[in-house]
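J.: test case, fold it:
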Amino acid sequence: QAQLLESGGGLVQAGGSLRLSCAASGRTFRNYAMGWFRQAPGKEREFVASISWNGDSTYYADSMKGRFTISREHAKNTVYLQMNSLRPEDTGVYYCFIDSRPITYWGQGIEVTVSS
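T.: The predicted model follows:
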């Protein structure tokens, strides 16, 4: 089993920055990809970014490229999402995940609100 705890969300003005963290506990996940999804009000959950087990490969949704940066720290079993140049449309609940196929673990989600 795994527990994922997100932190770092909150309210920020458009153009500002936030750094989300997701700490995994219960076991080590250094061999699995990790990442983030988000869900805006009234919309389906969408992919944000992911990072390979060794950190060598990162993937982003088109609208996040150049603004968001994903990273991970094995020693802390933690994945980060640095979000810059935030826009009101980035508002939503952000969920971290661990891709340990066939099982995917999810965090509870953390709110990010970007005011215009």
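J.: quick one: which helix or strand includes the closest residue to residue 60 other than its chain neighbours?
T.: Excluding its sequence neighbours, the residue lying closest to residue 60 (C-beta to C-beta, 6 or more residues apart in numbering) is residue 49, at 4.8 Å. In this view, the C-beta of every residue, glycine as well, is placed from N, C-alpha and C. Residue 49 belongs to strand 45-51 when elements are defined using DSSP states H and E.
J.: what is that strand packed up against?
T.: In terms of contact count using 3 or more C-beta pairs under 8 Å, 6 or more residues apart in numbering; DSSP states H and E, strand 45-51 is assigned the packing partners strand 33-39, strand 58-60, strand 68-73, strand 78-83, strand 92-100.
J.: tell me which helix or strand comes right after the last one.
T.: Using DSSP H and E, the next helix or strand after strand 92-100 towards the C-terminus is strand 103-106.
J.: export the next helix or strand after that following strand as CSV, just CAs?
T.: Sequence order places strand 110-115 as the next helix or strand after strand 103-106, per DSSP H and E. The C-alpha trace of strand 110-115 is given here as CSV (Å, rounded to 0.1, in the frame of the first residue of the first chain):
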residue,chain,number,x,y,z
ILE,A,110,-4.8,19.7,-3.4
GLU,A,111,-6.5,22.9,-4.5
VAL,A,112,-4.9,25.5,-6.6
THR,A,113,-6.8,28.7,-7.3
VAL,A,114,-5.4,31.4,-9.7
SER,A,115,-7.2,34.7,-9.5
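J.: in strand 110-115, which residues are buried?
T.: Buried positions in strand 110-115, judged by neighbour count with 16 or more other C-beta atoms under 10 Å: 110, 112, 114.
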